[in-house]
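Q: give me coordinates for this.
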Amino acid sequence: MTKPWFYRLLFSYLPVFFMITSVLIVLIILSISQLSKKEAENANKTYALHIMQSVDYALKTIDEYVIKELQTNNRIDQFFDNKFEGNPYYSAYEVTELIRGMMNYNKFIDSVYFYRVSDQMVISPNTMITADRFGDEVFIEEMMKSPSQYQLTNQRIFKEFAEMDQRKVVISLVRKIPLLSGQKGIVVVNISMDSIGRMVGDMSNSKISFIEVYDPEGKQLMASGNADGAVGSRKRGSELTRIHSNYTNWEYRSGLNDDYLFTFTSVFSYVWIGLGLVMVVLGGVWITYVTHRNYRPIKLIMSRIHAYSELKSMGVEGKKQDEFQYIDRAIGNLMELSSRYEKQHEEDIVFRRRHFFKEWLEGSRAVDYEDWKSEMNRLQLPSSFGQLAAAVIEMDKYMEVCRMFSQKDQELLKFVLSRVVYETAEPLGLTVWAEWTATHRLSVVIFADENVKNSEKLAANLCENVRSWVEQHLHFRITLGVGHVVGQVQELVHSYEAAIHVLRFKSTLGTNRVLYHWESEASAEKEMYKHLPLVKSLAQSFRLGDKGWKPALEQIFTELKVGLFSYDEIRNLMNYLVYHLHREMMELSAELQELWQITLPQLNDVIEQFDTIEELYAEWFHKLEEVSQRMAGIREDRSTHAVMNQIRTYVETHYADPELSLTSLSEQFQLHASHVSRAFKEEFGEKFVDYLVKIRMEQAKKLLQSSRDSVQDIGGKVGYTHAISFIRAFKKYTGVTPGDYRKQE
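A: Next up, the predicted model:
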């Protein structure tokens with residue numbers, strides 16, 4: 001098989017190589033003698049300037065940090081004022097810890113100490129003694145006599161303890177306290193010359209150049225890149241650059257170590273031309289060899305593709321396609337499949353983690369310890385624990401959150417909440433696993449290595465810290481349910497159920513807090529039917545425009561609050577109340593029904609969106625009060641409103657009169673009986689006869705409960721002449737006879 005692609009590759013860039021290298025060699029040789037020295041000087045100057053700036057920056061950073069601490073740290077002010085709050089020994093310990101923190105801030109800081117003028121006390125990380133016993137007493141006296149508020153000293157010897165021989169070569173950064181007057185004392189920061197020397201050495205680790213640093217007195221402070229790299233060592237080359245630092249007043253001298261190398265590279269010689277030509281020839285030979293060698297794997301690939309390309313190209317306009325088109329297509333397909341596989345694998349991992357999380361918590365999958373450990377290792381999750389607990393975080397007023405934020409912002413907030421859980425758990429020594437199991441619920445598994453009591457305390461601290469952080473930094477609130485601590489993998493489902501269960505009572509227990517599993521243990525299945533008479537009474541009072549609906553509504557909500565009803569139980573009762581209100585209001589006139597139809601959806605929305613029972617009561621009371629006032633206004637606008645109220649009052653007063661009827665009312669109020677019947681129904685949504693029966697039966701029930709009168713006497717007291725008529729009407733109204741009703745009570 002021929003090698004067309006080999007020759008194509010070789011001869012495509014071999015001529016270009018010869019032309020370019022030849023031109024470059026000539027240009028380089030002509031310009032190198034002029035540029036080499038100039039570039040060497042510029043590079044050396046830049047090199048020295050970089051080292052000087054690095055040293056100055058390091059010292060300025062330390063000075064800025066000291067100023068910041070002096071301006072912001074109250075402990076420093078308390079020390080120099082000699083006014084510690086609380087235990088003075090503990091306060092002094094805190095000052096020493098502050099000094100250690102300042103020493104740890106920068107690797108160049110060797111030591112730090114404070115001197116207080118008022119009692120001549122010196123405090124350092126190692127001691128707190130008077131200045132006359134301190135090893136640096138002479139330096140302190142010099143600094144206090146100096147009029148300057150700030151000094152960066154020359155190189156000096158520092159000794160902390162007078163009785164010890166340990167000495168260190170340092171430069172000292174001195175600030176007087178306060179920064180403007182300097183009457184209270186000084187802060188001394190000793191900077192290690194060895195550390196600065198090592199930094200300069202690391203930055204100038206070169207065999208070509210050297211650098212030396214001198215203080216304002218001409219004394220050499222450090223040297224790097226000389227014959228032996230020591231201070232005072234002999235230079236091997238010529239000095240090219242001198243730079244003076246305005247900050248430290250140090251002088252930096254730099255140059256090249258090998259003058260012969262500098263001279264050799266700057267001299268034009270025909271030797272370079274000959275060497276360049278030889279290199280061009282060798283480069284051409286090397287290119288040919290490398291091209292031939294690197295073409296071998298391509299040759300093997302091409303030989304395998306050749307037959308395939310011939311088969312594929314047959315019948316396609318009788319023209320062969322380029323073999324590299326197949327290679328390009330194959331590589332493209334491979335990269336696309338690889339990318340698709342990686343993306344799918346990541347999505348699968350996320351899905352499998354979430355799916356296993358829900359199965360484990362909800363108990364839909366039986367998981368023993370070995371299966372759980374294997375699954376956790378496969379999903380790259382923690383597989384060891386001492387105790388387990390489940391917690392559920394629920395976003396309060398989630399519908400408002402959805403209205404306030406876009407979908408993208410909601411996802412961001414949920415991500416932030418998840419990260420807060422993980423980052424809050426880390427300082428407490430807890431490992432957590434959190435997943436969103438519902439649009440507004442983040443479920444958390446807490447892994448702890450402590451005993452049960454400590455684990456419960458740590459879980460409670462975690463939840464409270466998360467709640468507090470969200471309250472301070474985010475625009476929504478959360479309520480957390482915490483289950484009990486368990487010791488087995490299989491038991492976590494019970495902890496999760498307890499956490500979910502207690503969240504059902506946040507309407508009565510309160511929102512924006514941590515709810516613990518034991519807070520719902522007092523709850524039991526409620527007897528909802530005992531509220532039904534009160535609900536019916538409220539609905540009837542509201543329909544009639546009676547103010548009695550307000551105390552009835554307050555009583556219902558008070559019993560819900562005291563009785564620790566769950567969210568679902570409260571919703572069911574409120575839906576039942578809506579049903580009775582609607583049924584009663586549909587008995588009124590078309591105008592009042594239309595007003596009610598506007599209010600009904602608003603009440604239903606409140607039921608669907610409330611978080612606390614107080615919020616539900618306030619919203620309901622406001623809307624019912626509003627519609628009640630509007631109904632009263634409509635009724636008062638009618639010409640019959642006053643008369644109907646008089647008739648109603650008359651009926652409530654004379655219900656015991658056996659002769660009370662529409663006819664007697666028409667005679668009493670000089671109105672036609674049919675007009676009274678129609679107007680009463682429109683005004684109160686109830687027929688006159690039904691209203692009269694209700695008044696009599698309710699009064700009869702009270703008499704049956706509170707007195708021992710006979711059924712016949714009670715019937716007479718409520719307007720029934722014959723006992724049979726009373727018994728028949730009572731049973732129709734209550735479902736039982738008067739005698740049976742009295743026995744039940």
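Q: where does pLDDT dip in the stretch 351-500 of the chain?
A: Across the stretch 351-500 of the chain, the ranges flagged by pLDDT under 70 are 380, 450-453.
Q: and the helices in it?
A: Using DSSP state H, counting those that start in this stretch, the helices found in the stretch 351-500 of the chain span residues 369-378, 398-404, 407-425, 452-473, 492-503.
Q: output the below-cut-off pLDDT ranges for the stretch 1-150 of the chain.
A: 1-18, 23, 26, 29-30, 32-34, 36, 86.
Q: in it, mark out all the helices, start to finish.
A: According to DSSP H, counting those that start in this stretch, the helices that the stretch 1-150 of the chain contains are 4-72, 74-81, 88-105, 137-145.
Q: make JSON lines from these and add distance to residue 673 and mean neighbour count to it.
A: Heads up, the C-betas are built off the backbone N, CA and C, glycines and all. Below are the helices of the stretch 1-150 of the chain laid out as JSON lines (distance: least, C-beta to C-beta, whole Å; neighbours: other C-beta atoms under 10 Å):
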{"stretch": "helix 4-72", "distance to residue 673": "90", "mean neighbour count": "14"}
{"stretch": "helix 74-81", "distance to residue 673": "90", "mean neighbour count": "17"}
{"stretch": "helix 88-105", "distance to residue 673": "94", "mean neighbour count": "15"}
{"stretch": "helix 137-145", "distance to residue 673": "113", "mean neighbour count": "15"}
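Q: of those helices, which is nearest residue 516?
A: helix 88-105 (35.1 Å; C-beta to C-beta).
Q: on that earlier part again, of all the helices of the stretch 1-150 of the chain, which lies closest to residue 598?
A: With distances scored as C-beta to C-beta, the stretch of these nearest to residue 598 is helix 4-72 (60.0 Å).
Q: deepest in the core, which of the helices of the stretch 351-500 of the chain is it.
A: helix 492-503 (a mean of 22; mean count of other C-beta atoms under 10 Å).
Q: now the angle between helix 369-378 and that helix, please.
A: Interaxial angle, helix 492-503 versus helix 369-378 (axes from the mean of the first three to the mean of the last three C-alpha atoms, to 10 degrees): 80 degrees.
Q: what helices or strands is helix 492-503 leaning on?
A: Using 3 or more C-beta pairs under 8 Å, 6 or more residues apart in numbering; DSSP states H and E, the elements in contact with helix 492-503 are helix 323-362, strand 387-395, strand 478-482, strand 514-516.
Q: and the angle for it with helix 452-473?
A: 50 degrees.
Q: show me where the stretch 501-650 of the chain has its helices.
A: Assigned by DSSP H, counting those that start in this stretch, the helices in the stretch 501-650 of the chain fall at 506-509, 532-544, 549-562, 567-585, 590-609, 613-637, 641-653.
Q: quick one: contacts of the shortest one?
A: Around helix 506-509, the neighbours that count as contacts under C-beta atoms under 8 Å, 6 or more residues apart in numbering are 394, 479, 481, 502, 515, 519-520, 560-561, 564-567, 570, 610-613, 616.
Q: what do you get for stretch 717-735?
A: Residues contacting stretch 717-735 (C-beta under 8 Å, 6+ apart): 655-658, 660, 693-694, 696-697, 699-701, 703, 709, 711-712, 714-715, 737-738, 741.
Q: ditto for stretch 369-387
A: 349, 352-353, 356, 360, 367, 431, 433, 447-452, 455, 485-489.
Q: kindly check the end-to-end length of that stretch for me.
A: Length of stretch 369-387, first residue to last, C-alpha to C-alpha, to the nearest Å: 13 Å.
Q: give the ChimeraX command for selecting the buried subset of the contacts of stretch 369-387.
A: The ChimeraX selection below is limited to those of the contacts of stretch 369-387 classed as buried (16 or more other C-beta atoms under 10 Å):
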select :353,356,360,367,431,433,447,448,450,455,485,486,489
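Q: what sits against the spatially most central residue of the chain?
A: For the chain, the residue nearest the mean C-alpha position is residue 416 (3.4 Å; C-alpha atoms, centre = their mean). Shown in contact with residue 416 (C-beta under 8 Å, 6+ apart): residue 474.
Q: state the distance from it to residue 659.
A: To residue 659, residue 416 is 77 Å away according to C-beta to C-beta, to the nearest Å.
Q: same question for residue 256.
A: Distance, residue 256 to residue 659, by C-beta to C-beta: 132 Å.
Q: who has more neighbours, the two?
A: residue 256 (22 against 9; other C-beta atoms under 10 Å).
Q: so that one touches residue 41, yeah?
A: No: assessed by C-beta atoms under 8 Å, residue 256 is found out of contact with residue 41, at 9.3 Å.
Q: who touches both of those two?
A: Overlap between the contact sets of residue 256 and residue 41, as judged by C-beta under 8 Å, 6+ apart, is given by residue 240.
Q: who's in contact with the nearest residue to residue 58 once chain neighbours are set aside?
A: The shortest distance from residue 58 to any non-neighbouring residue, by C-beta to C-beta, 6 or more residues apart in numbering, is to residue 108 (5.7 Å). If a contact means C-beta under 8 Å, 6+ apart, then residue 108 has 58-59, 62, 191-192, 195-196, 199 as its contacts.
Q: ok, now with 7 Å
A: Contacts were defined as C-beta atoms under 7 Å, 6 or more residues apart in numbering; by that measure residue 108 touches 58, 62, 191-192, 195-196.
Q: name the element residue 727 belongs to?
A: According to DSSP states H and E, residue 727 maps onto helix 723-734.
Q: before we move on, the earlier item: weed out the non-buried ones from the contacts of stretch 717-735.
A: If we count by 16+ other C-beta under 10 Å, the contacts of stretch 717-735 have these buried: 655, 660, 693, 696-697, 699-701, 703, 711-712, 714-715, 738, 741.
Q: state the pair within those residues that is farthest apart.
A: 660 and 741 (23.4 Å).
Q: surely residue 742 touches residue 706?
A: No: using C-beta atoms under 7 Å, residue 742 is not in contact with residue 706, being 10.6 Å away.
Q: so which of the two has more stuff around it?
A: For residue 742 and residue 706, the more surrounded residue by other C-beta under 10 Å is residue 742, and the numbers stand at 17 against 9.
Q: the more buried one and residue 537, how far apart?
A: 21 Å.
Q: list the contacts for residue 221?
A: 155, 193, 213-215, 250.
Q: tell me which two in these are the farthest apart.
A: Using C-beta to C-beta, the contacts of residue 221 span at most 13.2 Å, a distance reached by 193 and 214.
Q: re earlier: quick one: which of the helices of the stretch 1-150 of the chain is nearest residue 129?
A: Of all these, helix 137-145 sits nearest to residue 129, with 10.3 Å by C-beta to C-beta.
Q: which outside residues touch the closest one?
A: Residues contacting helix 137-145 (C-beta under 7 Å, 6+ apart): 115, 131, 151, 174, 186.
Q: 8 Å instead?
A: Contacts of helix 137-145 (C-beta under 8 Å, 6+ apart): 115, 117, 122, 131, 134, 151, 156, 158, 162, 172, 174, 176, 186, 188.
Q: residues touching residue 66, list them.
A: Under the criterion of C-beta under 8 Å, 6+ apart, the neighbours of residue 66 are 102, 173, 175, 187, 189.
Q: so residue 644 is in contact with residue 677, correct?
A: No: with contacts counted by C-beta under 8 Å, residue 644 stays clear of residue 677, the gap being 11.2 Å.
Q: distance between the helix or strand that contains residue 698 and the chain's centre?
A: In the assignment (DSSP H and E), residue 698 maps to helix 688-706. Mean-position distance between helix 688-706 and its chain equals 62 Å (C-alpha atoms, centre = their mean, to the nearest Å).
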